Each structure stands twice: as structure tokens, then as C-alpha cells.
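Q: Pasting the sequence and the predicted coordinates here, then a few questions.
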Amino acid sequence: DDDVFLGAENSFNIFTVRRNADASTEEERSRLDKAGEFHLGEYVNRFQSGSLVRRMPDTDGPVTNSIIFGTVDGTIGVIASLSKDEYNFLHSVQEAMNQVVKGIGGFKHETWRSFSNDRRKSPSRNFVDGELIEMFQDLSPSNKQKVANTINVSVDELTRRIEEMQRIK
């Protein structure tokens, strides 16, 4: 989308902003509105359009485009644009995982991912935490069932969808 821009800042957050092209005044059209916020926990120093895997041109998938990022700590990650249906499904998985996965020292995962800088703190929004969702593969069978029951799908279906998400990279 040519009206959405991705950025990172020095409090280890990433964010998206959207240009309001449909606004009625020039001033409103020139303003960027916050669209998404997420605490990555690392300082991003490079964004690059692309993917870590080769995609076949005729393959249908949940991703419309992706951006690779690199951090000063050496992490390489992917930010992908998802369809609304895929986002909603993965967000519900994330919410269910937040109920099952207990953070280290009682520190909640959703608190860690909250956007935070010197001026404000707010829950992450319009990002899906792939790391948390991938933890599903490491859960006990009973916890996998709890997550699946929460979002009303079978464990097999959920496993298939998460594996599909992992191929985005």
C-alpha cells in the first residue's frame, strides 16, 4: 500500500503510519496517522523489501508483500502484510496464546510487546507477534488443545495454519 509507511525508533519500537489520502483538506492529507505500534525490543537499523525464501510467482498465500529488517544485535526478521482474514485469525491465536504462555518471572508477553517510549506507553496494535504464535509448536498437547478450543478450531488445523505462517519468512 503506497499510503502506509513503516518505521523504527530509538526506544526499540516499530510502527506504521498511514497517509490520509481521502481527507477533505490539504492539511489533513499531509498528516500521517498512527496505524500500528509494536515493541520489538531491538534497535532496527535496516529495512529492505523482500523475503528470506523464494516464492513461486503463481503461489497463493496469506501475504501480499514483506519487508526484511536487521537489528544492531544481528537479528533478521520479517514484517509481512496480511489479508484482513489472516490477520484476524492470527490475532485470535495470539490472544489465546497470551492466556496459556506464562512469561518469565510473571512478566506478561503482551506487556513486553506494548509500545513504550519516553512520552507514552500503549498496547501493541495492528501487528501480530509471530514469535509468540510459533511457540504453539512447543506447547504440551493439553495446552495446544486449550488454545485450539479458545479459537474454535482443531489442533491439526491450527498447526497447519501456523506452519503456513512460518513459510512467510
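A: Right, received. Where do you want to start?

Q: now do the same end-to-end measure for stretch 67-83.
A: 15 Å (Cα to Cα, to the nearest Å).

Q: Give me the three-state assignment for the residue positioned nearest the centre of the chain.
A: The chain has Val128 as the residue nearest its centroid, 2.7 Å off, counting by Cα atoms, centre = their mean. Assigned with DSSP: H, G, I helix; E, B strand; the rest coil, Val128 falls in the coil class.

Q: Next up, the contacts around the closest residue to it other than its chain neighbours.
A: Of all residues not flanking Val128 in the chain, Leu90 sits nearest, at 4.5 Å (Cβ to Cβ, 6 or more residues apart in numbering). C-betas here are computed from N, CA, C, even on glycine. When contacts are counted by Cβ atoms under 8 Å, 6 or more residues apart in numbering, Leu90 touches 82, 128, 133, 161, 165.

Q: Just name the closest of these to Leu139, please.
A: The closest of these to Leu139 turns out to be Ile133 (Cβ to Cβ; 11.2 Å).

Q: Relative to Phe12, how far out is the closest one?
A: As for Ile133, its distance to Phe12 is 20 Å (criterion: Cβ to Cβ, to the nearest Å).

Q: So between these two, which is more surrounded?
A: More crowded of Ile133 and Phe12, by other Cβ atoms under 10 Å: Ile133, with 21 against 16.

Q: Verify the stated contact: Asp3 with Ala23.
A: No. At 11.2 Å, Asp3 and Ala23 do not qualify as touching, with contact defined as Cβ atoms under 8 Å.
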